[in-house]
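S.K.: requesting a structural model of the entry that follows:
(chains A and B)
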2 protein chains.
Amino acid sequence: MPLIVQKYGGSSVADAEKIKNVARRVAETKDKGNRVVVVVSAMGDTTDELIALARQIVRQPDERELDVLLSTGEIVSSTLLSMALNELGYKAISLSGVQAGIHTDSSYSRARILEVAPKRIVRELEQGNIVIVAGFQGISRDMDITTLGRGGSDTTAVALAAALKAKVCEIYTDVEGVFTADPRLVPEAQKLSEIGYEEMLELATYGAKVIHPRAMELGEVYNIPILVATSFSKAPGTLIHGGVSMEVRNKVRGIAHDVNVAKITVVGVPDRPGIAAALFEPLAQVNINVDTIVQNASINNITDLTFTVARSDLNKAMSIVEPVARFIGAKECVSDAALAKVSIIGTGMQNTPGYAAKMFRALYEEGINIQLITTSEIRITCIIAEDRVKDALRAIHKAFELEKV
Amino acid sequence: MPLIVQKYGGSSVADAEKIKNVARRVAETKDKGNRVVVVVSAMGDTTDELIALARQIVRQPDERELDVLLSTGEIVSSTLLSMALNELGYKAISLSGVQAGIHTDSSYSRARILEVAPKRIVRELEQGNIVIVAGFQGISRDMDITTLGRGGSDTTAVALAAALKAKVCEIYTDVEGVFTADPRLVPEAQKLSEIGYEEMLELATYGAKVIHPRAMELGEVYNIPILVATSFSKAPGTLIHGGVSMEVRNKVRGIAHDVNVAKITVVGVPDRPGIAAALFEPLAQVNINVDTIVQNASINNITDLTFTVARSDLNKAMSIVEPVARFIGAKECVSDAALAKVSIIGTGMQNTPGYAAKMFRALYEEGINIQLITTSEIRITCIIAEDRVKDALRAIHKAFELEKV
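M.R.: Down below sits the predicted model:
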């Protein structure tokens, strides 16, 4: 009997009625002759509410305790979905991350999955149960609760799909699938019926919020087809898989954007070996991801070093970078928190000249200044002022005729 | 270093400010040179809110799932208290029932503790931590979450005190201690500075809500002194222990009452062996406690059988008793849900005649009809109409001069 893993996000289980709706969808999947494992997020804004509660007690909550606190959100929704399935006459059982065998490292609040040991899930499936797993959480070697970081429930779902050799991992959320650009900002954006892992990974990494990049990476490694669709209608979603033809007609597949961007410039850095390591190692140690790094050509052995971090990490990053900058003899550190990334993504882009030029011209004609540029094999990213994101997206979307996809 | 177990009830941890207040009290206890284990209930009305949420999904939630759902309430409060202690500069760690080693049977929603294996608690205490344990919950042999039933956090606290050989188990709640009667109904009620296990057990069983009877039983068996006091002031509480002199001046120590009482009368029962078993075994099987049982003298081998159950169990009990009553040839079943129990309690009462008479006279003079009477060695209970409880309590309190305690 084929096995399907489904994941329902917070907006899909935001209240009792929505949970009953999800139960009906799960039941239909079971009725079609599948074994079903369901991963759920916490209801609606529960996670944010729990964080706010912790902050009423202490400004910077202890990470171990915060993880235990947050893990309760997914446990609540998993039990409610199980009850709703019982009510429909289906055998179901909820399992916590621990019971589902999600073993992680001990990096509280951003734990990585080390191993999935789904013995209990397999046993419950054999007994005819629909298995509901609390997403986003695992257990460390010390038997302490960990959480996987934001978007971690996607990762739970794909990891379980891989461990259980599922036919497909279905990610249900409040959007209908993967679009050529965010349809809230670009009304003419089109839904893609399929997309390859690499393109989706870049889209997700560079701001398309439909699926967490970590989940995408796992999906690619284990070659798990991932369907992204909405739980609020029967609209077909977007299937992410490895079999998508490389020779697609339109080489730009989509435009991603991300407004959680801040820039730090270390001004007047002596240009000598070891400086980059001195600056970036301490950031890595506290798990701050440094994104785009640009170093100007040096004049008189003095250069400026610019890099971006998530806006939410800016204060922490500045508090680490400033003393290091002083120590290495830099002139000063300046930051700008009102930035955004806009990226075009498509396989084959690298082999076709003119895409970068077309993107830059579209921005130029809108009067949008490009602050930094970064590229990969299948992506070109421009960092611009946050308040021009919508204009930038629409201009680029038009330039590449994505409304005709 | 002496070990103290403290338990804080839902009203003591109802919001962030109250949790910070509890943290200060725990810190003071630590500062006095004690090792401290704290058991917490869920915040305020969390448990009721979670039950209401489950009932939005299904009228009668699956018990296994409900237990998992409810267990999150205590986990939330335990992490918040741990954070609050961190904020005050104290090392603290929260543990779930599983981590604290609370092993139970599999009777969901009313599990019994089979064993406490506090290895992890001991390790954390050795590392200088204040250990915060989520009350009310444990784990079954199948590694499923169980809950201990209402008031279960008291039981968690006393069980841990016994397993850890604590000096004292302190139960903090919203009342100042054990009173001669409920001070909300009897303004002249007096706080007792100490009371014996047996008397307290009867008081708790017959309605005094300060501590759960199961916790009292455990305390008595393991001889753990239990202090009942309020977390909202420094007022001294009531110490429950085994060393209280039996020859107390006033033999009635307190008056308990309970309004969660319903009566079922099976009318016209053939008086032959096996009838009582036929009626009560099916009730025991679904864990309905039958309290007072009265059988009238039979006339022509036909009798009436009356018994009481918790009001919350009445509908379930009637649905079980009615078919059995028909089967054994009884005439009909009638029930009354608007009843209450009023009990006087005191050791030595049995050896001193006149207490029952004095109680009955006090009720008679208030014009209160006694529906059923039941007694133990140290207790006399009258079942009366619920709307006369306050009058009954004040009349009995006055008759036994408890205001002079």
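S.K.: pretty sure A:D142 is touching A:T104, no?
M.R.: No. With contacts defined as C-beta atoms under 8 Å, A:D142 does not count as touching A:T104, sitting 10.9 Å away. All C-beta atoms are positioned from the backbone trio N, CA, C, and that covers glycine.
S.K.: of these two, who's got more company?
M.R.: Using other C-beta atoms under 10 Å in any protein chain shown, the more surrounded residue of A:D142 and A:T104 is A:T104, with 25 against 10.
S.K.: scan chain A for its longest strand.
M.R.: Counting residues, the longest strand in chain A under DSSP state E turns out to be strand A:254-270.
S.K.: can you give me the buried ones in stretch A:30-50?
M.R.: A:30, A:34-44, A:46-47, A:50 (16 or more other C-beta atoms under 10 Å in any protein chain shown).
S.K.: may I have the phi/psi pair for A:L114?
M.R.: Dihedral pair for A:L114: phi -90, psi -40, per degrees, to the nearest 10.
S.K.: where's the closest residue to it other than its chain neighbours, which helix or strand?
M.R.: Excluding the flanking residues, the one nearest A:L114 by C-beta to C-beta, 6 or more residues apart in numbering or on different chains is A:H103, at 5.1 Å. Assigned by DSSP states H and E, A:H103 belongs to strand A:102-104.
S.K.: one step back: average pLDDT for the longest strand of chain A?
M.R.: Averaging pLDDT along strand A:254-270 gives 92.
S.K.: which one of the buried residues of stretch A:30-50 is nearest to chain B?
M.R.: Among those, A:L50 lies closest to chain B (C-beta to the nearest C-beta), at 7.3 Å.
S.K.: B:M83 versus the closest one, what's the distance?
M.R.: 12 Å (C-beta to C-beta, to the nearest Å).
S.K.: picking up where we left off before, number of nearby residues for the residue nearest to A:L114?
M.R.: 18.
S.K.: how far away is it from B:A23?
M.R.: For A:H103, the distance to B:A23 - C-beta to C-beta - is 32 Å.
S.K.: ok, now A:E65?
M.R.: The gap separating A:E65 from B:A23 is 13 Å, by C-beta to C-beta.
S.K.: list the contacts for the nearest residue to A:Q99 once chain neighbours are set aside?
M.R.: Residue nearest to A:Q99 in three dimensions, not counting chain neighbours: A:R120, with 5.4 Å by C-beta to C-beta, 6+ apart. Counting by C-beta atoms under 8 Å, 6 or more residues apart in numbering or on different chains, A:R120 touches A:95, A:99-101, B:143.
S.K.: going through these, which ones are buried?
M.R.: Buried among those by 16+ other C-beta under 10 Å: A:95, A:99-101.
S.K.: and these, which of them are in strands?
M.R.: Among the buried ones among the contacts of A:R120, the members falling in strands (DSSP E) are A:L95.
S.K.: in a helix, that's where A:P282 is, yeah?
M.R.: Yes. Looking at A:P282 with DSSP: H, G, I helix; E, B strand; the rest coil, it is inside a helix.
S.K.: okay, it: pLDDT?
M.R.: 88.
S.K.: nearest residue to it in space, ignoring adjacent ones along the chain?
M.R.: A:I320 (5.1 Å).
S.K.: verify the stated contact: that neighbour with A:V290.
M.R.: No. Contact criterion C-beta under 8 Å: A:I320 and A:V290 do not qualify, at 11.0 Å.
S.K.: shared neighbours of the two, which are they?
M.R.: Counting by C-beta under 8 Å, 6+ apart, the residues touching both A:I320 and A:V290 are A:L283.
S.K.: can you tell me what sits against the one helix or strand the residue nearest to A:P282 maps to?
M.R.: Using DSSP H and E, A:I320 maps to helix A:314-327. Contact with helix A:314-327 is made by A:262, A:264, A:266, A:269, A:278-279, A:282-283, A:286, A:288, A:309, A:332-333, A:335, A:337, as judged by C-beta under 8 Å, 6+ apart.
S.K.: of those residues, buried ones?
M.R.: Listed as buried from the contacts of helix A:314-327 are A:262, A:264, A:266, A:269, A:279, A:283, A:288, A:309, A:333, A:335; burial here means 16+ other C-beta under 10 Å.
S.K.: contact partners for the spatially closest residue to the second one that is not a sequence neighbour?
M.R.: Of all residues not flanking A:I264 in the chain, A:S335 sits nearest, at 4.9 Å (C-beta to C-beta, 6+ apart). Contacts of A:S335 were listed using C-beta under 8 Å, 6+ apart, and they are A:262-265, A:314, A:318.
S.K.: turn those residues into CSV, including distance to A:Y222.
M.R.: Below are the contacts of A:S335 laid out as CSV (distance: C-beta to C-beta, whole Å):
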residue, distance to A:Y222
A:A262, 34
A:K263, 36
A:I264, 36
A:T265, 40
A:L314, 35
A:M318, 38
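S.K.: just the helices in the stretch 201-350 of chain A please.
M.R.: With DSSP state H, counting those that start in this stretch as the criterion, the stretch 201-350 of chain A has helices at A:213-222, A:275-285, A:314-327.
S.K.: mean pLDDT lowest for which of these?
M.R.: Minimum mean pLDDT among the helices of the stretch 201-350 of chain A: helix A:275-285, a mean of 84.
S.K.: identify all contacting residues around that helix.
M.R.: Residues contacting helix A:275-285 (C-beta under 8 Å, 6+ apart): A:266, A:269, A:290, A:293, A:295, A:305, A:307, A:309, A:317, A:320-321, A:324-325, A:327-328.
S.K.: and those, which are buried?
M.R.: A:266, A:269, A:290, A:305, A:307, A:309, A:317, A:320-321, A:324-325.
S.K.: can you pick out the most distant pair from those residues?
M.R.: Across these, the longest distance by C-beta to C-beta is 17.2 Å; it joins A:V269 and A:V309.
S.K.: okay, the angle between the helix-or-strand element of chain A with minimal mean pLDDT and strand A:254-270?
M.R.: Within chain A, no helix or strand scores below strand A:290-295, which has a mean of 80 by mean pLDDT, DSSP states H and E. With axes from the mean of the first three to the mean of the last three C-alpha atoms, to 10 degrees as the basis, strand A:290-295 and strand A:254-270 are set at 50 degrees to each other.
S.K.: pick the one among the contacts of A:R120 closest to B:S343.
M.R.: B:M143 (41.1 Å).
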